[in-house]
Structure formats: C-alpha cells, structure tokens
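In: Next input, structure requested:
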Amino acid sequence: MHANGNFAYINGKIYTCDEENRYAQAMTVQDGVITWMGAQEDLPEGDWTVVDLGGKRVIPGFVDAHMHPVMLADFSKKISSLPPKVHSIEELKEEIRKVRQAQGPDKWIEGWGYDEGKLAEGRSPTRWDLDEGCSDAPVSIIRTCGHIRCVNSKALELAGITKDTPDPQGGQIDRDENGEPTGVLRENARNLVTPLIPETTDEQKVDLVVDLGELLLSQGITSICDMGNLDPSDNYDIYTKAVEKGFRQKVGIYYMWDFYAGNEEFRLSQERKDRDQQIFAAGLKLIGDGSVSGRTAWMNEPYLGSEDEVGFPVCSDELMESAIRFCKENRCQLSMHAMGGHAIDRIVDRVYDEEKWTDGDVPHLRIEHVTEPSQRAISRCAEKGIGVATQPIFLYAEIESYRANLSQERLETSYPVKTMLERGVPLCFSTDAPATSWAVPSDPFPCLKGGVTRKAWDGFDCGQGEKVDIETAVALYTREAARVAGIPKVGQLKAGFHADFAVLSEDLLEVDSDRIDQVYVLQTYSNGMKVYDKEAAK
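Out: Prediction:
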C-alpha cells in the first residue's frame, strides 16, 4: 500500500544518502514515490497536503540485508537465553523448568540465543545441564550463531544419537572423554534433530511475521532480506499472506540450497524474481563455514591457543558447483556464508573468472559476514563487484568469544570495514537477527554504534583503524544495503524512490557516538504512509 495523493514534508533535517544531494529540508511525494527533494525555500508550488517533520533528523528507512525474519518471529515464543533474561546456565535451567511445568511432558521445549561467553559459567551448556531443567521431555537450545544446537538426553535418544553415531559430513557431534555425546551438535550435526521438532503451522508463521513487521517498523526498518531457513520450507507464501494482513516491508528471499539441490522441479519463476514487487525471490544461499565464536569458521590461521584448529568447510564442492550452475541459469544472486579467510578465498577464487550473471547492478555473488578476508579476496571482490554483507553487532555483542578465539591483533583487523570500503568493495551493514547475541537482535542502533565506535558493549577496543563515521554507517545500512541486496528504489531519499523514511528522537549525525544506541524512532513512513508512530503506540 502507498499514500494516495500529493504530500509535502517540510521542516526536516533530512539525510538523504543520495551522494549528489546529501542534505535537504523538504520533499514532495506523489502516490508513495518521492518527486522532489531540496531546500524548503525551493519547495515546488502545488496542491500539497503538508506534513511538518518538526525539525527532526530524518533518514531513509533501514534496509536489513541479512536476517532470518521467519526464524526471528518464531523465536519470539521460545526461551530467550540472552541477557537481560538469562545470565547463567542455572538461570537457563530455571527457564526450562518453568516451560516444562506450564506445558506438561513429551512436548518439545525450545530456546535460542545462548552464548557461553555471556553465561556466568563461561562454558556451553551440555545435555546434563539441560536434563536438570527437564529430563522427561526433549529440550533444544540454539546457540546465538544459529549453527550450533544443544539438546538434552531425551532429544539425543529420540534422534538415535549415541557414542557410535558418526559425525555427518560438514558437522560435528561433541563428545566427552569417554566418547559420549555431550548434547552439543555443531553445523550439519544439528540437523540430526531438526526433523523431530514439531513445525509451527503456516497460519501461525503468517501471524508471527505480521507481528514482527510491526516491531521492525518501530525500529525504522522498511526493507529486509530473508537469508533462508534451517529446514526445506518456502517462505514466499508466508510473506504474501502476511502482506494481505498488513505486513509492510519489502522482502528479498534467499533459498537455502542444501534443501533444494536434489529437487529437479525447483525453479525461480520470472514472476517471483521481479524485484519491483514487495516480495521477490532474490536467489540461493549456501553455508560455506561456521562461526568464529563456535571456532567452526574456516580460517587461514589457527584459532588462539591451538596450532592446527582452523575450523572446517560446511558445504561440499558438488553442492557449491550446483548452486553456481542454478544461479547462472536463473540469473539470480548467489549468497555464500563465509567468515573465515579460507572459506572466503574458496568462493571468491571459484567465481572470479565467471562473467557476471545477474541483471543491472545487482551483484551476482554476495558474501555474508566476512570476518578475516585475505588481501587478495578484498582486491578480487572490489574488481568483480562482489557484494559483502557484514555485521558490526557481532564484535559488539560477542566480544567474549572473539577474545577467546582470536589474538588481539587479529581481532582488531577482523571485519575490516574501512579497508574494504577504501578498496572499493560493495559493502553493507546488517544484523543477522536472530543469530545475534543481543536481547533485541534486529535493533539497528547498537549495530550502528558498533560500526562507528569499534568498541564492544563492555567498552573493549575492537580496533579503531576499521571504524567508520556515522554518515557512512547510515549509508551502509540504507543505500549500500539496497545495492548489495538488489532491492530497487529504496535506501535513498531522492526523486523516483519509494518514500520510505524514519523520523528520529535525536540527531543521529550529531549525537555522541557512545549514545547512538539511545536514539530511537519516533515515526516510520513506508511508501509515503505513516506506518508507525511512537506516541500513538503508547
């Protein structure tokens, strides 16, 4: 939906993110599309409905180019294993006991977001910890990274996982000194349990996504990318039904290739690929390696405290080749999760000699996270226009595990945002919510703060050489995110673009950088319609 009619928005401190016209005080909008942007004294004459922006800072609507919205929406009804709710394994056990008491035996108890660095005990929970919370029903808690699952003894029993169960390809079953599974299932091993967990119905998913859409609007987020599920379900119909119920965000959907590679009938129709639609199919997603915090990202150098531990690849060469082939045939994007230098080199070097297969200026390959890129990978990404979607919130929120796994020197040069920008890599910011160690994982402001200060939530210095200024950070979260994700006519406030913008509580461009996370959204507009108003929401 868009606002019908002619509107003039005046008296704003508008940061447009348009490199040719960065600041304005006023804009005109017709039927949801911006028709003019400039100084208030130059406002074109016309029969305008005038909206006073109250002298507030206005920015384009945020574009979160990497998140898992259906998963995030689903998690809203599960145990959050993060501060401010859970600070220890003991508190996690107590939350599990509460759920068990409320729902009775046999039903699955699910949680998300644990991070051993944030737990008082300084370690991952085990099956035996979870058994103390509940032993007569299966329990599954997903780690904050989304790549590791901890389950109790009942869940292991239901999945048939014993000391004799071999590690699946691209996965690892953690074991104690006697070879017994500890309940921690890494990467593809977590999928040994997935089929046993009851699925949320599609109708429930739709309602949860509509609710999530309201939260995102309150955070100024007007466009998003869905970077795939941990199961073979298709989110396209979920979003189209959510739109019928008032969901506003523009969404680019990526399909997790692991679940579709063997399906000869899977195609992306021209209709679904139309990027001018509110909901469109953007391409495929592959998982190239794991996470730094889980020590499963595939590095070029060993982790701190080890001489040979470098993580491992998660997808096979065959799967990668079939994904590249599909994306070329369907002229759609390939997204590759790659954190470690080895995983990044692998996909960049493989695609380097390929001709660009996507239309327009949409990157044919986008790489997710990109913790420790080699100098060669940075050069090749810049040369070939390979997009990077990275997340400042990772260092900001997960500093404990980064300090445990990387030397200080490596930590300070990880996520080399400034270096990549200076070298010309198309790069954007995003959150990867809910795979984020933060109580409200989709909130853009802590993510911006992390990028601008290069300090963690506890003040730890993560390397000042790679920080960016606030104007750059906002552009990376709006204009550049739209560019990497290939979402047309969003991310900037300029003629011909959708009138998607947020009115802020304080001047984000002037506020002290340590207070960026205290700024919030007063109003959000989508296609010229006011779709969120903090005062009205009270």
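
In: where along the stretch 1-150 of the chain do the strands fall?
Out: 6-10, 13-15, 23-24, 26-30, 33-38, 49-52, 57-60, 62-67, 79-80, 109-114, 139-143, 148-151 (DSSP state E, counting those that start in this stretch).

In: which one of those lies closest to residue 330?
Out: Nearest of the strands of the stretch 1-150 of the chain to residue 330, taken as Cβ to Cβ: strand 62-67 at 20.2 Å. Just so you know, the C-beta spots here come from the backbone N, C-alpha and C atoms, and that holds for glycine as well.

In: Tell me which other helices or strands that closest one touches.
Out: Under the contact criterion of 3 or more Cβ pairs under 8 Å, 6 or more residues apart in numbering; DSSP states H and E, the helices and strands touching strand 62-67 comprise strand 221-226, strand 427-429, helix 479-485.

In: Could you export the strands of the stretch 1-150 of the chain as JSON lines, including mean pLDDT?
Out: Formatted as JSON lines, these follow (pLDDT from 0 to 100):
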{"stretch": "strand 6-10", "mean pLDDT": "96"}
{"stretch": "strand 13-15", "mean pLDDT": "98"}
{"stretch": "strand 23-24", "mean pLDDT": "98"}
{"stretch": "strand 26-30", "mean pLDDT": "97"}
{"stretch": "strand 33-38", "mean pLDDT": "98"}
{"stretch": "strand 49-52", "mean pLDDT": "96"}
{"stretch": "strand 57-60", "mean pLDDT": "98"}
{"stretch": "strand 62-67", "mean pLDDT": "98"}
{"stretch": "strand 79-80", "mean pLDDT": "90"}
{"stretch": "strand 109-114", "mean pLDDT": "93"}
{"stretch": "strand 139-143", "mean pLDDT": "95"}
{"stretch": "strand 148-151", "mean pLDDT": "97"}
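
In: Quick check: phi and psi on the residue lying closest to residue 124 once chain neighbours are set aside?
Out: Leaving aside its sequence neighbours, residue 124 sits nearest to residue 116 (Cβ to Cβ, 6 or more residues apart in numbering; 4.6 Å). For residue 116, the backbone dihedrals are phi -60, psi -30 (criterion: degrees, to the nearest 10).

In: residue contacts, residue 116?
Out: With contact taken as Cβ atoms under 8 Å, 6 or more residues apart in numbering, residue 116 is in contact with 122, 123, 124, 401.

In: Single out the most deeply packed of the strands of the stretch 1-150 of the chain.
Out: strand 62-67 (a mean of 29; mean count of other Cβ atoms under 10 Å).

In: so which of the strands of the stretch 1-150 of the chain gets nearest residue 346?
Out: strand 62-67 (19.6 Å).

In: List the strands paired with that closest one, with their directions.
Out: If you go by DSSP bridges, strand 62-67 pairs up with strand 221-226 (parallel).

In: tell me the average confidence for the partner strand?
Out: On average, the pLDDT along strand 221-226 is 98.

In: That strand: how far from the chain's middle?
Out: Distance, stretch centre to chain centre, for strand 221-226: 9 Å (Cα atoms, centre = their mean, to the nearest Å).

In: Leaving out chain neighbours, which residue sits closest to residue 7?
Out: residue 29 (4.6 Å).

In: Tell me who's in contact with that neighbour.
Out: 3, 6, 7, 8, 9, 35, 499, 528 are the contacts of residue 29 under Cβ under 8 Å, 6+ apart.

In: Pull out the buried residues from the contacts of residue 116.
Out: 124, 401 (16 or more other Cβ atoms under 10 Å).

In: now the contacts of residue 116 in a markdown table, with distance to residue 198 and pLDDT?
Out: Output for the contacts of residue 116, formatted as a markdown table (distance: Cβ to Cβ, whole Å; pLDDT from 0 to 100):
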| residue | distance to residue 198 | pLDDT |
| --- | --- | --- |
| 122 | 33 | 92 |
| 123 | 29 | 95 |
| 124 | 25 | 95 |
| 401 | 31 | 91 |
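
In: any idea which element residue 253 lies in?
Out: strand 250-256 (DSSP states H and E).

In: how about the helix or strand harbouring residue 350: buried residues?
Out: According to DSSP H and E, residue 350 maps onto helix 341-351. Buried residues in helix 341-351, counting neighbours by 16+ other Cβ under 10 Å, are found at 341, 342, 343, 344, 345, 346, 347, 348, 351.

In: Do I have it right that the first one meets residue 370?
Out: By that I understand residue 341. No: using Cβ atoms under 8 Å, residue 341 is not in contact with residue 370; the gap is 9.4 Å.

In: Just flag the most distant two among the contacts of residue 116.
Out: 123 and 401 (11.4 Å).

In: So residue 287 versus residue 52, what's the distance?
Out: 48 Å (Cβ to Cβ, to the nearest Å).

In: Over to residue 497?
Out: The separation that residue 497 has from residue 52, given Cβ to Cβ, amounts to 22 Å.

In: And residue 481, by the same measure?
Out: 29 Å.

In: ditto for residue 165
Out: With Cβ to Cβ as the criterion, residue 165 and residue 52 are 65 Å apart.

In: again, but for residue 531
Out: 18 Å.

In: what about the chain, any weak spots by pLDDT?
Out: 1-2 (pLDDT under 70).

In: Give me the domain ranges for it.
Out: With domains defined by automatic domain parsing, the chain comprises 6-61+497-537, 76-196.

In: For residue 233, which of these is the nearest?
Out: domain 76-196 (11.3 Å).

In: Between the two ends of the closest one, what distance do you get?
Out: Distance across domain 76-196, first residue to last, is 20 Å (Cα to Cα, to the nearest Å).

In: Then stretch 478-490?
Out: Rule used - Cα to Cα; the end-to-end distance of stretch 478-490 is 8 Å.

In: Contacts for that stretch next, please.
Out: Contacts for stretch 478-490 (Cβ under 8 Å, 6+ apart): 17-18, 59-65, 222-223, 225, 250, 252, 275-276, 282, 333, 358, 360-363, 366, 387-389, 426-430, 491-492, 496-498, 500.

In: what's the distance between the lengthiest helix in the chain and the middle of its chain?
Out: Criterion DSSP state H: the longest helix present in the chain is helix 202-218. How far helix 202-218 lies from its chain's middle: 16 Å, per Cα atoms, centre = their mean.

In: what is the orientation angle of it with strand 62-67?
Out: 140 degrees (axes from the mean of the first three to the mean of the last three Cα atoms, to 10 degrees).

In: residue ranges for the helices of the stretch 101-250 of the chain, please.
Out: 127-133, 153-159, 202-218, 236-244 (DSSP state H, counting those that start in this stretch).

In: so of the ones you listed, which one's packed in deepest?
Out: It is helix 127-133: most buried of the helices of the stretch 101-250 of the chain by mean count of other Cβ under 10 Å, with a mean of 21.

In: Is the residue nearest in space to the middle of the chain in a helix, a strand, or coil?
Out: Ranked by distance to the mean C-alpha position of the chain (Cα atoms, centre = their mean), the top residue is residue 432 at 1.9 Å. Look at residue 432: counting by DSSP: H, G, I helix; E, B strand; the rest coil, its state is coil.

In: what's the closest non-adjacent residue to residue 352?
Out: residue 380 (5.3 Å).

In: Please, where are all the helices along the stretch 301-450 of the chain?
Out: 317-330, 341-351, 375-384, 392-397, 399-405, 408-413, 417-422, 444-453.

In: ranking the ones you listed by burial, who's on top?
Out: helix 392-397 (a mean of 28).

In: any idea which helix or strand carries residue 468?
Out: Counting by DSSP H and E, residue 468 is found in no helix or strand.
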